[in-house]
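Novice: Generate a structure from the sequence data that follows.
(one chain, ligands or ions: 1)
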Amino acid sequence: MSEISCDVIVIGAGPAGEVAAGRLADGGLEVVVVENHLVAGECSYYACMPSKALLRPGDLIDEARRIVRTARSRYDGRLRPELNSGPGGNPFNELECGKFYARAMSSWSLLIASQGLVLDGPAGLIGFKPRWQPEDHRSFYTAAEGWGLFVQKREAESQTSRIDVRHGRLRVRELVVQAPPGAGEMRVDVRAGGRRVRVAASQQGDEVRIRCSDWVAITEGQEIEIRLTW
Ligand SMILES: Cc1cc2nc3c(=O)[nH]c(=O)nc-3n(C[C@H](O)[C@H](O)[C@H](O)COP(=O)(O)OP(=O)(O)OC[C@H]3O[C@@H](n4cnc5c(N)ncnc54)[C@H](O)[C@@H]3O)c2cc1C
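Specialist: Got it, this is the predicted structure:
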């Protein structure tokens with residue numbers, strides 16, 4: 001077993017541990033963080049962020065967009081030392097999300113709700129059930145190992161959903177999309193990096209779950225295309 005020497009051991013990488021470790025390291029100490037479950041703690045995985053993402057996501061698009069516009073208009077890059085908003089008055093520390101909760105940006109959960117992101121990195125599950133413009137949708141997503149754009153177009157007898165990767169990679173075993181109301185029995189075709197993928201699809205209500213016969217990995221510049229025809 002190798003030995004590590006350090007000044008401080010922080011047990012737990014939740015918000016408290018992260019901030020404590022960061023401050024100690026800023027102060028010049030060598031810090032080791034020990035986490036036995038999920039780095040980022042309760043807040044990111046079970047508490048603050050998921051709970052906000054569930055707040056009335058479906059039917060309040062106009063109100064949600066107004067909140068985003070209002071919040072964004074306050075974050076214009078000006079320093080705000082009078083608000084005790086971090087060192088020097090960090091203009092992007094969104095105080096309504098909790099001090100130093102920069103990653104819990106107030107509009108982030110609205111993006112996720114608008115695109116209807118379904119994500120389980122370890123299980124290789126990614127899907128989109130957009131609430132905002134499902135017929136002509138385009139939005140940014142991030143996944144465990146990469147990020148890119150999700151684009152969906154609906155036509156009279158088809159729907160094409162594309163997940164592209166602009167950075168990193170996307171490893172997928174299962175995909176989820178939403179069929180439009182009234183679409184009949186459908187054919188499902190999936191291509192990844194231009195190649196056809198063998199899949200088994202099942203439908204429950206308007207949700208279409210597509211299981212790939214094997215893991216599919218795409219990298220920067222590639223895309224997964226899911227085409228439903230009925
Ligand atoms: C539903 C809900 C909504 C919330 N919403 C908000 C909100 O909107 N804004 C807000 O500011 N707060 C919110 N909170 C509170 C917030 O989640 C907590 O205040 C915050 O997560 C506490 O951080 P922590 O680091 O003290 O603990 P935790 O986040 O619990 O982190 C502790 C970490 O230590 C690890 N650990 C424990 N024992 C060991 C060990 N022996 N060895 C190694 N690692 C160990 C755990 O695995 C965990 O990752 C919410 C809480 C809930 C339940």
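Novice: Tell me where the protein has helices.
Specialist: 15-26, 41-45, 48-53, 61-74, 108-115 (DSSP state H).
Novice: what packs against the longest one?
Specialist: This means helix 61-74. Under the contact criterion of 3 or more C-beta pairs under 8 Å, 6 or more residues apart in numbering; DSSP states H and E, helix 61-74 touches helix 108-115. Every residue, glycine included, has its C-beta placed from N, CA and C.
Novice: List, one by one, the residues from the chain near the ligand.
Specialist: Contact residues (C-beta under 6 Å from any ligand atom) of the chain with the ligand: 11-17, 34-38, 41-43, 47-48, 51, 98.
Novice: sorry, back to before: so which of the helices of the chain is the most packed in?
Specialist: Looking across the helices of the chain with neighbours counted as mean count of other C-beta atoms under 10 Å, the highest average goes to helix 108-115: a mean of 21.
Novice: Centre of the chain to stretch 220-230, how far?
Specialist: Offset of stretch 220-230 from its chain centre (C-alpha atoms, centre = their mean, to the nearest Å): 19 Å.
Novice: which ones are touching the nearest residue to residue 20 once chain neighbours are set aside?
Specialist: Sequence neighbours aside, residue 10 is the residue nearest to residue 20 in space, at 5.4 Å (criterion: C-beta to C-beta, 6 or more residues apart in numbering). Going by C-beta atoms under 8 Å, 6 or more residues apart in numbering, residue 10 touches 17, 20-21, 24, 31-34.
Novice: Strands of this structure, residue ranges please.
Specialist: 8-11, 31-34, 117-120, 125-128, 136-142, 146-155, 158-164, 167-178, 187-192, 195-197, 199-204, 207-219, 223-229 (DSSP state E).
Novice: Good, wrapping up.
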